[in-house]
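S.K.: only the shape, not the letters, is given here:
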Ligand SMILES: [Zn+2]
Ligand SMILES: [Zn+2]
């Protein structure tokens, strides 16, 4: 049985847990170590079971506590060579990852503790941003956050997975009518920022396959989205191709400031 929990999702901090009786990993560490420990414990999971971390990119909402976690627990930290270079310079991680650095190569499988994972590049305005395809003892996840566009790689790896963690950052109308300054709106929309509900709905129409059982929407904006709007847009997109949410596939919006429920597969 594989367990999945989102401990926090959005610009206030990102951290996700996948584990089973053999091992467990975190994807990103953008909330404090004590919060990670506390939220895991709420689900009966000990922090000590976490054996390694996969990093998507060097924005602070993804790496805030990566340095202190690595220092305290000596966890292997997987990231590309370029990203590790950036982490060496970042004030959150500078000098704190020694002994923990594990370098990945884009589109090359890596294996640790029986978990097979492949990082793939996504367009985003960080040093280098990756999504992950993760084969966790036979349960397959594709993890995509902070992506400015849906690429062929994204489609390829999502089609290989039964469980998607997929960004639905903003509703286009809410962003356009909202109070963000024009240059920030452009940064979000121009292809190296974030995915809108509409982009995600279009992508999922292409990605959907019979073995897809769960879509988790992540990194929802607090100002330019709501869980109901994101859910409805994606559910409507899927219904356009005859896919019924709740019957053919489960759809969940991951909460921003708290843990999700514990999902088991
Ligand atoms: Zn982010
Ligand atoms: Zn980012």
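M.R.: In hand now; what should we look at? Small disclaimer: the values here were computed from a predicted structure and weren't measured. Numbering: from 1, shown residues only. Ligands and ions are numbered 1, 2, ... in the order given.
S.K.: quick check: longest helix in this protein by residues?
M.R.: helix 227-240 (DSSP state H).
S.K.: check which helices and strands that one sits against.
M.R.: The helices and strands touching helix 227-240, judged by 3 or more C-beta pairs under 8 Å, 6 or more residues apart in numbering; DSSP states H and E, are helix 197-207, strand 214-218, strand 250-253. From N, CA and C alone the C-beta is placed, and that goes for glycine too.
S.K.: buried set for that helix?
M.R.: For helix 227-240, burial by neighbour count (16 or more other C-beta atoms under 10 Å) applies to 229-231, 233-235, 237-238.
S.K.: strands of the stretch 1-150 of the chain, start to end?
M.R.: Taking DSSP state E, counting those that start in this stretch, the strands of the stretch 1-150 of the chain run over residues 3-8, 15-19, 24-27, 50-54, 77-80, 101-104, 110-112, 115-121, 130-136, 139-144.
S.K.: which residues touch the last one?
M.R.: Counting by C-beta atoms under 8 Å, 6 or more residues apart in numbering, strand 139-144 makes contact with 2, 4, 16, 18, 27, 56, 122, 131-134, 154, 157-158, 160-167, 265, all of which sit outside it.
S.K.: try 7 Å this time
M.R.: With contact meaning C-beta atoms under 7 Å, 6 or more residues apart in numbering, strand 139-144 is reached by 2, 18, 27, 122, 131-134, 154, 157-158, 160-167, 265.
S.K.: with adjacent residues omitted, what lies nearest to residue 25?
M.R.: residue 52 (5.1 Å; C-beta to C-beta, 6 or more residues apart in numbering).
S.K.: surely the one you found is in contact with residue 29?
M.R.: No - in this structure, residue 52 is not within contact of residue 29 by C-beta atoms under 7 Å, at 11.3 Å.
S.K.: and those two? which has more neighbours close in?
M.R.: Taking other C-beta atoms under 10 Å, residue 52 and residue 29 do not tie; residue 29 has more neighbours (30 against 19).
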